[in-house]
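*Asks:* Would you be able to build a 3D model of this:
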Amino acid sequence: MSLPPLQYLTHAAGPASAPAYRLGWALMALVLTVIVIIAALLVAAIARRRASASRTDEDSIPPDTGGTNWLVVGTGLSSIALFGALIYAMATLDSVAAPPRQPPLTIVVTAYDWWWKIDYPDALEPSKSFVTANEIHIPVGVPVRVELQSADVIHTFWAPQLAGKTEMIPGQTNMQWIEADTPGVYRGQCSQFCGAQHAHMAFEVVAQPQDRFDAWREAQRHQAPAAATPDARAGQHIFEERCAGCHAVRGAAADGRQAPDLTHLASRRLIAAGQMTNTPEHRLDWIEHAQRIKPDSLMPSMPLSVADAAALSAYLSTLQ
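*Replies:* Here you go, the predicted model:
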């Protein structure tokens, strides 16, 4: 279950984000203090002005109360407060720059207009590497190294409850680390305007206990099962004929590289980079009306006959 929306603002879910949250609240307190002081001074000035206007001409000139000295004191206190905030911000940046221990897991996230490719490389056994899309799984309590790349324009990777923002720049690999304290589903978003569907470029980070994460990773390494029913076999033929140029399904004749890998599509919570829940009805709606749901995306709308839609839906449901 994902956390309530309010907790995106008030709750840090990991050690890479907690210092930034504390910094945010400290800066908010500083700003509110400044606002209160300025408001109090403004009220005092207005009251003093009114009192001065009610005096007679001979005593209309107020005595010197050392206002210049107060100005010096105020300037000095402001400078100290701002310098303190700067030091605190630099210390916070240093505290989240690197994880407290070497991350045992590394993933590679590549941003596209407008979806996310997630690679789980295995340097020791490359055959166990796999690719998924728009849904990142991590074990709870484990720092994860995230290598960030862009396939087209500048994007920004941001899972606010787990870490700060990191730019994704074409031709460059940037680094970030994330860690979740508790199991849950944490929403992420591209926070750098990257085109027409920037607002609809979301992802999820699913934090799981180690045993459940290991089971998920092992399942993701498997190829798609062979279609076992006539409808599923017909749907696989349609998929390989009309979708395989962009999408990949390991274990089938589909090796596209320009769109999400769909080997385990049916196991995901959402589709279309967070736009829709992953149900058979929504999958068909997305296929047939992609340009209505997400205009200017590279996914074309693909009209289907009733028979083709039923067959394709049956095949996609086998991609667990």
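*Asks:* Please enumerate the strands of the stretch 151-300 of the chain.
*Replies:* Under the criterion DSSP state E, counting those that start in this stretch, strands of the stretch 151-300 of the chain are mapped to 155-158, 166-168, 174-178, 184-190, 202-208, 248-249, 254-255, 270-271, 276-277.
*Asks:* how about those strands in TSV, adding mean pLDDT, distance to Val142 and mean neighbour count?
*Replies:* All C-beta atoms are positioned from the backbone trio N, CA, C, and that covers glycine. Listed next are the strands of the stretch 151-300 of the chain as TSV, based on pLDDT from 0 to 100; distance: least, CB to CB, whole Å; neighbours: other CB atoms under 10 Å:
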stretch	mean pLDDT	distance to Val142	mean neighbour count
strand 155-158	97	19	24
strand 166-168	96	19	19
strand 174-178	96	10	20
strand 184-190	94	14	21
strand 202-208	97	9	21
strand 248-249	96	28	22
strand 254-255	91	32	16
strand 270-271	96	24	21
strand 276-277	96	28	14
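*Asks:* And the ones you listed: which comes nearest Gln149?
*Replies:* Closest approach to Gln149 among those (CB to CB): strand 166-168, 6.2 Å.
*Asks:* Can you say which of the strands of the stretch 151-300 of the chain is nearest to Glu218?
*Replies:* Of the strands of the stretch 151-300 of the chain, nearest to Glu218 by CB to CB is strand 202-208, at 12.7 Å.
*Asks:* Tell me which other helices or strands that closest one touches.
*Replies:* Judged by 3 or more CB pairs under 8 Å, 6 or more residues apart in numbering; DSSP states H and E, the packing partners of strand 202-208 are strand 135-139, strand 184-190.
*Asks:* okay, those in a markdown table with distance to Ser301 next?
*Replies:* Listed next are the helices and strands packed on strand 202-208 as a markdown table, based on distance: least, CB to CB, whole Å:
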| stretch | distance to Ser301 |
| --- | --- |
| strand 135-139 | 24 |
| strand 184-190 | 23 |
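*Asks:* Now stretch 278-293 - C-alpha only, CSV.
*Replies:* Output of stretch 278-293 as CSV, limited to C-alpha atoms (Å, rounded to 0.1, in the frame of the first residue of the first chain):
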residue,chain,number,x,y,z
ASN,A,278,-2.9,-2.6,-14.5
THR,A,279,-6.1,-4.4,-15.3
PRO,A,280,-7.0,-6.2,-18.5
GLU,A,281,-9.6,-3.5,-19.4
HIS,A,282,-7.0,-0.7,-18.9
ARG,A,283,-4.4,-2.6,-20.9
LEU,A,284,-6.7,-2.8,-23.9
ASP,A,285,-7.8,0.8,-23.4
TRP,A,286,-4.2,1.9,-23.4
ILE,A,287,-3.4,-0.1,-26.5
GLU,A,288,-6.4,1.2,-28.5
HIS,A,289,-6.4,4.8,-27.2
ALA,A,290,-2.8,5.6,-26.3
GLN,A,291,-2.8,9.0,-28.0
ARG,A,292,-6.0,10.0,-26.3
ILE,A,293,-4.7,9.0,-22.9
